[in-house]
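S.K.: no sequence on hand, only this structure:
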């Protein structure tokens, strides 16, 4: 009579150890393939200057994202005080008619966002060459509800900007950018670049 509960207890114990073993194997596989939880990605410099307007929503959100990703990095207002300079070369929004109905009314718009930037060190030496990021979305349009649709288009552009900001931060914290910054930092500064 006592052998049946003991057998059930042994089955549960075996199942527990099997589940634990599977969890450990899964963890090892994830670690081996390079998986890591999203968190801070420190940048290789402590001070950063950018010509992107601090008061614009894009500039404010970019600064917040960089500081959240790299808490030791702080922005400076004078380029001479910065170890690195993030320079905006272009930032364009474009709204294009994508389709028109038989009455000549717009049915769908294509939203395009282009952002071009580069990263240099304190002496203007290239760390990350000019890099272009693009985002495109399509938005249906109803001329009978134009006010709501214009608000929706603005929200889609803002969402596209948030997506671009995340991509910029990923570019800046990439291992090749860190290596390039360290390499440039170790090179002697040519006389023409010294201040």
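M.R.: Perfect, thanks for sending it. None of the values given here were measured: they were computed from a predicted structure.

S.K.: so who does the residue nearest to the spatial centre of the chain touch?
M.R.: To find the centre residue of the chain, average its C-alpha atoms and take the closest one (C-alpha atoms, centre = their mean): that gives residue 166, at 1.8 Å. Listed by C-beta atoms under 8 Å, 6 or more residues apart in numbering, the contact set of residue 166 reads residue 65. Heads up, the C-betas are built off the backbone N, CA and C, glycines and all.

S.K.: mind starting the numbering at 552 from now?
M.R.: With 552 as the first residue, the last one maps to residue 717.

S.K.: how much space between it and residue 617?
M.R.: In this structure, residue 717 lies at 11 Å from residue 617, with C-beta to C-beta, to the nearest Å as the measure.

S.K.: related to what we said a few turns ago, in a helix, the residue nearest to the centre of the chain, correct?
M.R.: Yes - for residue 717, which was evaluated using DSSP: H, G, I helix; E, B strand; the rest coil, the result is membership in a helix.

S.K.: output the lowest mean pLDDT helix or strand found in the protein.
M.R.: Least confident helix or strand, the chain: helix 554-583 with a mean of 62, by mean pLDDT, DSSP states H and E.

S.K.: would you mark the buried spots in the helix or strand following that helix?
M.R.: Counting by DSSP states H and E, the element after helix 554-583 in chain order, helix or strand, is strand 598-601. Taking 16 or more other C-beta atoms under 10 Å as the basis for neighbour counts, the residues of strand 598-601 that come out buried are 598, 599, 600, 601.
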